[in-house]
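Participant: here's a sequence, model it:
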Amino acid sequence: ELSGALGVELTFTPVSPASLNVDTAITSSLSFAGASVESRTVISLDGLESEHMRCSVKLDDVTLATGMRFDPCFSRYWFEVRGGCCPFDLGALVLVENLAETCQTPNFTVGIVADLGLNFESGFFVRSITGFGVKDLYNLIDEYPQTDITAVSGWWFSEELINVGFASQCLHTESLFSFDELGFAWAQLHASYTWAEPAVQLGARLWIDSAFAFNRADLILQVTIDPVELRSVTSFDSLGFLSQEIDISATLSGVKLYSRTSFDFTGLQSEVIGFVLSF
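Facilitator: Reported below is the predicted structural model:
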């Protein structure tokens, strides 16, 4: 069965002292018989900023995916394979990235990500993600699909992310531990509870830095009253309020409208509005 989506997203970012950057992202996807093609094009007032392309195919329990990125010249090619047999979940990603400045003499590097997971019927899960020549592995599992890992020079060990937790229909708890070449880098403790009627999720995240000291705390509230969904993330540090993010979305007749507002004590940081048409 053929399906797809087409979306447009506008990002407004204030620039001191009195300017505004506007980026437009055009997304499209098409899926048929286990295969899919996706594209994300970002355009600013200066012209083309980036182009992301992704193709994938699912063969029984194995998924193969590949993609390229241009910023606006060629910057990355990657290939990923993922599969497994209960309770194991295995994955690997290989990338070739150009570390040079935009459209300058290429400086290629190779990165590898090894992903191993265990998921038990009781709800407990363990996941290990190891990066060689790549960092920012948390971007692979955070709630923002537009974030991505970062390639660094060399192909030796760069970062390790260990995820341990428990998930049930209502309760979700997990711990994240990040290690780099120097040892322990940071940790995150997360717990949330979901009520079914109405659909309300209340959660909290605690961030700990490399010195095992408090770094930041996030209070998360998500409320869904069909067809509207509201999500709020309030962040605090040791001095008090740090930042606020408010996401609002509504889906009507295959059209999703959404906005994301981020601000801190200095004012607005970014405003995102967009829509996605699915068929």
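
Participant: buried ones in the helix or strand where residue 202 lies, by neighbour count?
Facilitator: The secondary structure element spanning residue 202 is strand 199-208 (assigned by DSSP states H and E). By 16 or more other C-beta atoms under 10 Å, the buried positions in strand 199-208 come out as 201, 203, 205, 207, 208. Every C-beta, even on glycine, is put in place using the N, C-alpha and C of the backbone.

Participant: model confidence over it, on average?
Facilitator: Strand 199-208 shows a mean pLDDT of 95.

Participant: against which helices or strands is that strand packed?
Facilitator: Strand 199-208 sits against strand 183-195, strand 214-225, with contacts defined as 3 or more C-beta pairs under 8 Å, 6 or more residues apart in numbering; DSSP states H and E.

Participant: relative to residue 245, which of the ones you listed is closest?
Facilitator: Closest of these to residue 245 is strand 214-225, at 9.2 Å (criterion: C-beta to C-beta).

Participant: in the closest one, what counts as buried?
Facilitator: In strand 214-225, the ones that count as buried by 16+ other C-beta under 10 Å are 215, 216, 217, 218, 220, 221, 222.

Participant: as PDB, could you dump the C-alpha coordinates of that strand?
Facilitator: Below are the C-alpha coordinates for strand 214-225, written out as PDB (Å, rounded to 0.1, in the frame of the first residue of the first chain):
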ATOM      1  CA  PHE A 214      23.800  18.400  39.800                       C
ATOM      2  CA  ASN A 215      23.800  20.000  36.300                       C
ATOM      3  CA  ARG A 216      20.200  20.500  35.300                       C
ATOM      4  CA  ALA A 217      16.600  19.200  35.900                       C
ATOM      5  CA  ASP A 218      13.800  19.000  33.400                       C
ATOM      6  CA  LEU A 219      10.100  18.800  34.300                       C
ATOM      7  CA  ILE A 220       8.000  17.300  31.500                       C
ATOM      8  CA  LEU A 221       4.200  17.500  31.100                       C
ATOM      9  CA  GLN A 222       2.400  16.100  28.100                       C
ATOM     10  CA  VAL A 223      -1.400  16.200  27.700                       C
ATOM     11  CA  THR A 224      -3.300  14.700  24.800                       C
ATOM     12  CA  ILE A 225      -7.000  15.500  24.200                       C
END
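
Participant: sheet-wise, list the partners of it with their directions.
Facilitator: Applying DSSP bridges, strand 214-225 is found paired with strand 199-208 (antiparallel), strand 228-237 (antiparallel).

Participant: out of the ones you listed, which gets nearest to residue 41?
Facilitator: Each of the strands paired with strand 214-225 was checked against residue 41 via C-beta to C-beta, and the shortest separation belongs to strand 228-237, namely 26.1 Å.

Participant: after the closest one, next one along is what?
Facilitator: strand 240-252.

Participant: check which element follows that following strand along the chain.
Facilitator: Counting by DSSP H and E, the element after strand 240-252 in chain order, helix or strand, is strand 255-264.

Participant: contacts for that next one?
Facilitator: Contacts with strand 255-264, where a contact means C-beta atoms under 8 Å, 6 or more residues apart in numbering, come from 7, 241-251, 268-278.

Participant: what about this structure, any weak spots by pLDDT?
Facilitator: Regions of the chain meeting the criterion pLDDT under 70 are absent.

Participant: could you rerun that using 80?
Facilitator: Applying pLDDT under 80 to the chain flags residues 18, 145, 197.

Participant: now the helices and strands packed on strand 199-208 as TSV including distance to residue 150?
Facilitator: Supplementary listing: the helices and strands packed on strand 199-208 in TSV, determined by distance: least, C-beta to C-beta, whole Å:
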stretch	distance to residue 150
strand 183-195	14
strand 214-225	20
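
Participant: out of the ones you listed, nearest to residue 84?
Facilitator: For those, distance to residue 84 was read as C-beta to C-beta. The smallest value, 23.9 Å, belongs to strand 183-195.

Participant: in the stretch 51-200 of the chain, which spans are strands?
Facilitator: 62-70, 74-83, 88-98, 108-119, 124-132, 134-135, 150-151, 157-167, 171-180, 183-195, 199-208 (DSSP state E, counting those that start in this stretch).

Participant: quick one, the fourth one and strand 124-132 angle?
Facilitator: Looking back up the chat, that one is strand 108-119. Strand 108-119 and strand 124-132 are oriented at 170 degrees to each other (axes from the mean of the first three to the mean of the last three C-alpha atoms, to 10 degrees).

Participant: if anything else comes up later, I'll come back, but that's it for now.
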